[in-house]
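Chemist: Just a sequence and a predicted model for now, questions to come.
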Amino acid sequence: MPIKTSEQEIGARPLTPIFFLVDTSGSMVNDPIEAVNAAMREAIPEIKDFAQENPDCSFLVNVLEFSTGVKWMSEKPINVEDFNWYDLKASGLTAMGAAFGELNNKLSRKAGGFLQEHANNAPIIVLLTDGAPTDNAQSELEDLKKNKWFSYAIKIAIELPGAIHSSLVEFVGSEEGVVSTDTNKLKELLKVIAINSVKIGSQSSTRGKANTVASIVKPVKPDVEIPEPQPEPVPTDSDDPFKDIFD
């Protein structure tokens, strides 16, 4: 039996990039942002436990907050076992378009992109907002939708009162992936979505699928129907389903 190099070992492990886009504008002050922080503080340890119990899977995490501007929690995605949540603070406007533009730049294998490592699972993107954009979000979203990584990503949006539902449906690509809630239920809902994104998303070996999104949101959106899963491709030691079509 041939011996794999360490690089081949890493490449053969399913690697799932996970990005949280969190609205930290002024309307999120007090209870909403406190619920976000509390949910993620509780979810991260459970996600770490899952990662430790499943050493054949790898997860990279980063958080993009947007208000008057945008800011990543870390300079680059971090292995979930090393990831620490830093409480977010709310103030300012809702530069959602700037967030879409920044995400578009980072969903790339080119220099400066966040996907330079061997990623053989579709990215998971969770957007949370309670308001309307204060910049040209529609134009930035149109550009983002042309990004092939984004088109194949598993996308979920958490809609708080004040958000524009139709815009979130357009971002996600379906009604199923948009979950409406209020501040009172936000903490538990976000926690479930965060944990399920890792546990269920890691089982989908390549590109975003409707049944994966439905499975992630099912506990908090019970009316969603889960489509029949499609057969997964048989992996190989050097299997990279994106290498021939993505930058």
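Modeler: On my side now, so go ahead. Numbering: from 1, shown residues only.
Chemist: State the mean pLDDT of the host helix or strand of Leu186.
Modeler: Leu186 belongs to helix 183-201 when assigned by DSSP states H and E. Across helix 183-201, pLDDT averages out at 92.
Chemist: now stretch 66-81
Modeler: 96.
Chemist: And that stretch, end to end?
Modeler: 25 Å (C-alpha to C-alpha, to the nearest Å).
Chemist: What residues sit buried inside that stretch?
Modeler: 66-67, 70, 73, 77-78, 80 (16 or more other C-beta atoms under 10 Å). Every C-beta, even on glycine, is put in place using the N, C-alpha and C of the backbone.
Chemist: can those go into CSV with extra columns for distance to Leu127 and secondary structure?
Modeler: What follows is the buried residues of stretch 66-81, written out as CSV (distance: C-beta to C-beta, whole Å; DSSP: H, G, I helix; E, B strand; the rest coil):
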residue, distance to Leu127, secondary structure
Phe66, 10, strand
Ser67, 14, coil
Val70, 13, strand
Met73, 15, coil
Pro77, 17, coil
Ile78, 20, strand
Val80, 19, helix
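Chemist: if we can go back for a sec, now the angle from the helix or strand that the helix holding Leu186 is followed by to helix 183-201?
Modeler: As assigned by DSSP H and E, the chain's next helix or strand after helix 183-201 is helix 210-217. Counting by axes from the mean of the first three to the mean of the last three C-alpha atoms, to 10 degrees, helix 210-217 points 140 degrees away from the direction of helix 183-201.
Chemist: Could you list every helix and strand in contact with helix 210-217?
Modeler: strand 154-159, helix 183-201 (3 or more C-beta pairs under 8 Å, 6 or more residues apart in numbering; DSSP states H and E).
Chemist: Could you save these as CSV and add columns showing mean neighbour count and distance to Asp223?
Modeler: CSV is the format used below for the helices and strands packed on helix 210-217 (neighbours: other C-beta atoms under 10 Å; distance: least, C-beta to C-beta, whole Å):
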stretch, mean neighbour count, distance to Asp223
strand 154-159, 24, 15
helix 183-201, 20, 15
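Chemist: Would you format those as CSV with distance to Leu127 included?
Modeler: Converted to CSV, the helices and strands packed on helix 210-217 look like this (distance: least, C-beta to C-beta, whole Å):
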stretch, distance to Leu127
strand 154-159, 5
helix 183-201, 11
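Chemist: just to revisit the earlier point, next, give me the two most distant ones among the buried residues of stretch 66-81.
Modeler: Farthest pair in the buried residues of stretch 66-81 (C-beta to C-beta) is Ser67 and Val80. Separation: 25.2 Å.
Chemist: The helix holding Leu186 vs strand 154-159, what angle?
Modeler: Using the same axes, to 10 degrees: helix 183-201 against strand 154-159 is 180 degrees.
Chemist: what's the helix or strand for Val63?
Modeler: strand 58-66.
Chemist: Show me which residues of that strand are buried.
Modeler: So, applying 16+ other C-beta under 10 Å, buried residues of strand 58-66: 58-66.
Chemist: and Leu60, what does it touch?
Modeler: Counting by C-beta atoms under 8 Å, 6 or more residues apart in numbering, Leu60 makes contact with 15-18, 77-80, 114, 117.
Chemist: Quick one: mean pLDDT over the longest helix seen in the chain.
Modeler: When the chain is parsed with DSSP state H, its longest helix is helix 31-53. Helix 31-53 carries an average pLDDT of 95.
Chemist: Flag every buried residue along that helix.
Modeler: Applying 16+ other C-beta under 10 Å to helix 31-53 flags 32-40, 42-44, 47-48, 50-51 as buried.
Chemist: In contact with Leu168: list those residues for me.
Modeler: 127, 129, 157, 159, 178.
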